[in-house]
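In: 3D model of this:
(4 chains)
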There are 2 protein chains.
Amino acid sequence: MSVQERKERERAARERLIVATARELAEEQGWDAVTTRRLAERIEYSQPVLYSHFRGKREIIGAVALEGATEMAAALRAAAPTADGPRARVVVLARTYLDFAERNPAVYDAMFQLDGGLAFAREDTPAPLKDAFAALLETLAEVAGDGVHPGVFTEVFWASLHGLATLTRAGRLPAEYAEGRLELLVDRLAVV
Amino acid sequence: MSVQERKERERAARERLIVATARELAEEQGWDAVTTRRLAERIEYSQPVLYSHFRGKREIIGAVALEGATEMAAALRAAAPTADGPRARVVVLARTYLDFAERNPAVYDAMFQLDGGLAFAREDTPAPLKDAFAALLETLAEVAGDGVHPGVFTEVFWASLHGLATLTRAGRLPAEYAEGRLELLVDRLAVV
DNA sequence: TCGATTGTCTAGCGGTGCTAGGATTCGAGG
DNA sequence: CCTCGAATCCTAGCACCGCTAGACAATCGA
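Out: Numbers count the residues shown, from 1 in each chain, chains lettered A, B, ... in the order given. Here you go, the predicted structure:
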């Protein structure tokens, strides 16, 4: 019994190693550099070992995405309540979101740009993803405005943040007015 | 002289064929299916011919993006003035944008999701891209609000539309409330 | 008509994600 | 303690990718 348990522990540890290494490599050199060969070499196993843990590269991306979602939810929940007043809370929330995207571009890509084979906006959506959305909603609900469904409001707010995050990082928006855009977005969207 | 001109015409025609075929293939089966081999086969030339027109696959994507930007600018300029009043014009503008993204997903990806090697938000940004942004700005300037830079306002509005377009298409936002989200966005962002 | 230039193709390079099948290790039962 | 079966892991290879060198053929000017 104990032997089997030890093996399972080691197996789980190796799986975490794979995900952590993939994330590391992606943050260092981008997801294009995360090939099964390089990844296998870094964890000091052969390629097929990866496929005994994940169906393929897509699932590895998905695992990184879930890890990222958990962290983002925690970051949002930790940051928002530190500010006084609804508007300030929303500003902090938005800044935290954009900050997370900027500091963890590879993880953000895994979550929202790449195909990690995860279900979104459905019942079978993985809990971390639902929870990250919930974290946004908790702060945004109080500024949705009368007669506006908080969920729909959160979707719109989230989409706007996502657009700012991706277009800014891709160099499609000038980096200089980032703060001004954030303030403008909050001032217009949030009903205080 | 005339021989040389004919050759140049034929060469230009072939280049258009390449771009059109790449776009076709991408809309049919996604950009992943647009390989240099398949593309070459469709235009009935060998692979190296592609490289006598473009530096590589990236530049082909860029060419599709420019074509798309021209069309999008035209669509936006054609649609917006058909509505009465600033708010209605902005709604039509937004709907046209999202419609374009939905109807031409591959072209939209070439423009804003993939790396086509194009410069954005700079002086040397290709004219079609600048023009598409200008088309947005023309309608949005009148609802930017007092003291708000129309360019910055357009950036924010564009980012929001981009977020809605990408998240909706990736299945990360439920398709059902699309119209509601659009109305909410316009109502909040636009100052009428 | 001949030489040079232009155009195009065949073949191949190093890389990708993924997998079949053989070798090796390891725990369990005699 | 030893042997056997099962689980584990790796080597080698598949078909495909973007891209390019170099051979070949067609065309042009002299």
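In: by contact count, what packs against the lengthiest helix in chain A?
Out: Counting residues, the longest helix in chain A under DSSP state H turns out to be helix A:2-29. In terms of contacts (3 or more CB pairs under 8 Å, 6 or more residues apart in numbering or on different chains; DSSP states H and E), helix A:2-29 is packed against helix A:36-42, helix A:57-79, helix A:105-112. (C-beta placed from N, C-alpha, C; glycine too.)
In: Would you check the distance separating that helix from the middle of the chain?
Out: Per CA atoms, centre = their mean, to the nearest Å, the displacement of helix A:2-29 from the mean C-alpha position of its chain is 20 Å.
In: per-residue confidence at the closest residue to DNA strand C within chain A?
Out: Closest contact between chain A and DNA strand C, by CB to the nearest atom of the strand, is at residue A:56 (2.7 Å). Predicted confidence (pLDDT) for residue A:56: 97.
In: Tally up the residues packed near it, please.
Out: 12 (other CB atoms under 10 Å in any protein chain shown).
In: if you average pLDDT over stretch A:145-164, what comes out?
Out: Taken as a whole, stretch A:145-164 carries a mean pLDDT of 98.
In: tell me which residues of that stretch are tucked away?
Out: If you call a residue buried by 16 or more other CB atoms under 10 Å in any protein chain shown, then stretch A:145-164 has these buried ones: A:148, A:151-164.
In: which one of those is nearest residue B:117?
Out: residue A:163 (21.8 Å; CB to CB).
In: who does the helix or strand harbouring the closest one touch, helix- and strand-wise?
Out: For residue A:163, the enclosing helix or strand under DSSP states H and E is helix A:150-169. Identification of packing neighbours for helix A:150-169 by 3+ CB pairs under 8 Å, 6+ apart yields helix A:86-103, helix A:105-112, helix A:127-140, helix A:178-189, helix B:150-169, helix B:178-189.
In: again, only this time at 6 Å
Out: Other elements packing on helix A:150-169 under the criterion 3 or more CB pairs under 6 Å, 6 or more residues apart in numbering or on different chains; DSSP states H and E are helix A:86-103, helix A:127-140, helix B:150-169, helix B:178-189.
In: any idea how far the second one is from the chain center?
Out: Same thing as helix A:127-140. 11 Å.
In: List the neighbours of that helix that are in contact with it.
Out: A:66, A:69-70, A:72-73, A:76-77, A:80, A:89, A:93, A:150, A:154, A:157-158 (CB atoms under 6 Å, 6 or more residues apart in numbering or on different chains).
In: burial of residue A:186, as a residue count?
Out: Quick note: residue A:186 (other CB under 10 Å) scores 22 neighbours.
In: Quick one: residues contacting it.
Out: Applying CB under 6 Å, 6+ apart, the residues contacting residue A:186 are A:90, A:91, A:94.
In: out of the residues you listed, who's near DNA strand C?
Out: Checked against DNA strand C using CB under 7 Å from any atom of the strand, the contacts of residue A:186 yield no neighbours at all.
In: Could you dump the residues you listed into JSON lines with neighbour count added?
Out: Converted to JSON lines, these look like this (neighbours: other CB atoms under 10 Å in any protein chain shown):
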{"residue": "A:90", "neighbour count": "23"}
{"residue": "A:91", "neighbour count": "20"}
{"residue": "A:94", "neighbour count": "25"}
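In: about what we covered before: by how many degrees do the helix holding residue A:163 and helix A:105-112 diverge?
Out: 140 degrees (axes from the mean of the first three to the mean of the last three CA atoms, to 10 degrees).
In: chain center to helix A:150-169: distance?
Out: For helix A:150-169, the distance to the chain centre is 13 Å (CA atoms, centre = their mean).
In: where in chain A is pLDDT low?
Out: A:1-3 (pLDDT under 70).
In: which parts of it sit against DNA strand C?
Out: Going by CB under 7 Å from any atom of the strand, the residues of chain A near DNA strand C are A:3-4, A:34-38, A:47-48, A:51, A:56-58.
In: which of the residues you listed has the most neighbours?
Out: residue A:34 (24 neighbours).
In: That residue contacts residue A:24, correct?
Out: No: Residue A:34 lies out of contact with residue A:24 (CB atoms under 6 Å); the separation is 9.4 Å.
In: ok, residue A:11 to residue A:40 distance?
Out: Here residue A:11 is placed at a distance of 16 Å from residue A:40 (CB to CB, to the nearest Å).
In: More neighbours: which of the two?
Out: residue A:40 (18 against 11).
In: Let me know whether the more buried one touches residue A:47 as I believe.
Out: Yes: applying CB under 6 Å, one finds residue A:40 in contact with residue A:47, separated by 4.5 Å.
In: hmm, back to that, buried deepest among the helices and strands packed on helix A:150-169, which one?
Out: Comparing the helices and strands packed on helix A:150-169 by mean neighbour count (mean count of other CB atoms under 10 Å in any protein chain shown), helix B:150-169 comes out on top with a mean of 23.
In: Close to DNA strand D: what parts of chain A are there?
Out: Applying CB under 7 Å from any atom of the strand, one finds that chain A approaches DNA strand D through A:7, A:11, A:45, A:46, A:47, A:48, A:49, A:52.
In: Understood, closing this out.
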